[in-house]
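A.B. asks: following is a predicted model, sequence given first.
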Amino acid sequence: MAFSYTNTKGKTYFLHGRMTTLKGGGERMIYFFAGEVKDGALDAVPDGYMVSETKSGLPVLKKAS
C-alpha cells in the first residue's frame, strides 16, 4: 500500500521514488508526491525524512532535524 498524505485542504497525495542519473554520471533517488498511485510508489517515508507542506498545500519531503 502506497504511503498517502492528506493536506490541510483535504487532497490526498501518494509518495513515489525514482532513480535519476545526474549530469556527472552518478545516480540519486528523487522523491515526489502525485495525486494518484503510479509506478514507483513507496510504502513509507524514507529514514531521515519527514513530510512537510508548502503554503499552497503541496506535500514535500524534508530532512528530519
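C.D. replies: Structure's in. What do you need?
A.B. asks: chain neighbours aside, what residue packs nearest to Leu58?
C.D. replies: Closest residue in space to Leu58, ignoring its immediate chain neighbours: Phe33 at 7.0 Å, by Cβ to Cβ, 6 or more residues apart in numbering. (Each C-beta comes from the backbone N, C-alpha and C, glycine too.)
A.B. asks: what residues are up against the one you found?
C.D. replies: When contacts are counted by Cβ atoms under 8 Å, 6 or more residues apart in numbering, Phe33 touches 5, 13-16, 58-60.
A.B. asks: helices and strands around the top strand by length along the chain, which ones?
C.D. replies: Looking across the chain with DSSP state E, the single longest strand is strand 12-21. Counting contacts by 3 or more Cβ pairs under 8 Å, 6 or more residues apart in numbering; DSSP states H and E, strand 12-21 packs against strand 4-6, strand 27-34.
A.B. asks: give the buried residues for that strand.
C.D. replies: Buried residues in strand 12-21, counted by 16 or more other Cβ atoms under 10 Å: 13-16.
A.B. asks: now it against strand 27-34, angle please.
C.D. replies: On the basis of axes from the mean of the first three to the mean of the last three Cα atoms, to 10 degrees, strand 12-21 is oriented at 160 degrees to strand 27-34.
A.B. asks: can you list contacts of strand 12-21?
C.D. replies: With Cβ under 8 Å, 6+ apart as the contact definition, strand 12-21 has outside contacts at 2-7, 27-42, 45-46, 58-59, 61.
A.B. asks: ChimeraX command to pick out the buried ones of the residues you listed?
C.D. replies: Typed into ChimeraX, the next command selects the buried ones out of those (criterion: 16+ other Cβ under 10 Å):
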select :2,3,5,7,33,40,41,59,61
